[in-house]
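Engineer: next input, structure requested:
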Amino acid sequence: MSKEVVIRDYRKEDLPAVKRLMLQYLPRFYDDIDESFSESLTEAHEKGYDSFGYFTTAKHVWIAEIKKEIVGMMAVSIKRGGSVKISPIIIDEAYRRKGIGQKLIDTLVQFESVEELK
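Structural biologist: The predicted structure follows:
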């Protein structure tokens, strides 16, 4: 299964699928999650910075897809001190335990420095 998975950068046309994933899975863990959360997260990716995150210098969003269907996503915040925070990483339930989350993490790990992510 993981050989079929393509990991790529977020594109504007992915927003409906990102909203679907976030609204389907995040309300279990966070209060007051609505469409604005996915919109601000993807907007920060597009702008290259997060205007709401004082300690965040950049955001990056990756998409996991199988046969052009979006089955997961991962957002990464690059912090001022050089650390990286993964939040959220979401895999559609139908595709869990197939190595997709690991493939998203591996995509992040391949970068040699935080500067390369920006």
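Engineer: can you pull out the low-pLDDT segments for this protein?
Structural biologist: Low-confidence segments of the chain, defined by pLDDT under 70: 1-2, 49-54, 112-118.
Engineer: helices of that one, residue ranges please.
Structural biologist: Ranges of helices in the chain, per DSSP state H, are 15-25, 35-47, 100-109, 114-117.
Engineer: so for residue 90, which of those sits nearest?
Structural biologist: helix 15-25 (4.7 Å; Cβ to Cβ). (Glycine included, C-beta is placed from N, CA and C.)
Engineer: just the angle between that closest one and helix 35-47, please?
Structural biologist: 130 degrees (axes from the mean of the first three to the mean of the last three Cα atoms, to 10 degrees).
Engineer: so what does helix 15-25 touch, helix or strand wise?
Structural biologist: helix 35-47, strand 56-66, strand 69-79, strand 84-91 (3 or more Cβ pairs under 8 Å, 6 or more residues apart in numbering; DSSP states H and E).
Engineer: for that helix, what is the distance to the chain centroid?
Structural biologist: Distance, stretch centre to chain centre, for helix 15-25: 11 Å (Cα atoms, centre = their mean, to the nearest Å).
Engineer: turn the helices and strands packed on helix 15-25 into JSON lines, including mean neighbour count and distance to residue 11.
Structural biologist: Listed next are these as JSON lines, based on neighbours: other Cβ atoms under 10 Å; distance: least, Cβ to Cβ, whole Å:
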{"stretch": "helix 35-47", "mean neighbour count": "17", "distance to residue 11": "9"}
{"stretch": "strand 56-66", "mean neighbour count": "20", "distance to residue 11": "8"}
{"stretch": "strand 69-79", "mean neighbour count": "20", "distance to residue 11": "10"}
{"stretch": "strand 84-91", "mean neighbour count": "16", "distance to residue 11": "17"}
